[in-house]
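Chemist: Okay, sequence plus prediction incoming.
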Amino acid sequence: MLTIPEAARLLAVPESWLRERVRLRRVPHRRLGKHVRFTARDLEEIVERAAQREVAPRRFGR
């Protein structure tokens, strides 16, 4: 299980970005008491969710 700094480093995102997403409960994570941890599956899901948003085509009205 990874800490926020470790997970942020692997995801190549700022720690502040990841902390904010945890605070808003927008990314999968685990709480062990007051400590936040991420499993490998949590990180995979974060990446999958981000990729799905990028692939969606934008629609323009005419």
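Modeler: Nice, I can see it.
Chemist: Which elements pack onto the longest helix along the chain?
Modeler: Assignment by DSSP state H gives helix 40-55 as the longest helix of the chain. With contacts defined as 3 or more CB pairs under 8 Å, 6 or more residues apart in numbering; DSSP states H and E, helix 40-55 has these neighbours: helix 4-11. In this view, the C-beta of every residue, glycine as well, is placed from N, C-alpha and C.
Chemist: which outside residues touch the helix it packs on?
Modeler: 2, 14-15, 17-19, 22, 36, 38, 42-43, 46-47 (CB atoms under 8 Å, 6 or more residues apart in numbering).
Chemist: give me that answer again for 7 Å
Modeler: With CB atoms under 7 Å, 6 or more residues apart in numbering as the test, helix 4-11 has contacts from 14-15, 18-19, 36, 38, 43, 46.
Chemist: Going by neighbour count, which of those comes out on top?
Modeler: Neighbour counts for the contacts of helix 4-11 peak at F38, which has 24 neighbours (criterion: other CB atoms under 10 Å).
Chemist: That one is in contact with L2, isn't it?
Modeler: Yes. F38 lies in contact with L2 (CB atoms under 7 Å); the separation is 4.7 Å.
Chemist: ok so, going back, go through the contacts of helix 4-11 and say which is closest to V27.
Modeler: I46 (5.1 Å; CB to CB).
Chemist: Go ahead and confirm the closest one touches V27.
Modeler: Yes. Using CB under 7 Å, I46 makes contact with V27 at a distance of 5.1 Å.
Chemist: low pLDDT regions in this protein?
Modeler: Within the chain, the stretches with pLDDT under 70 are 53-58, 60-62.
Chemist: quick revisit: rebuild the contacts of helix 4-11 as TSV, extending it with secondary structure and distance to A8.
Modeler: Output for those, formatted as TSV (DSSP: H, G, I helix; E, B strand; the rest coil; distance: CB to CB, whole Å):
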residue	secondary structure	distance to A8
P14	coil	7
E15	helix	4
L18	helix	5
R19	helix	8
V36	strand	11
F38	strand	10
L43	helix	10
I46	helix	11
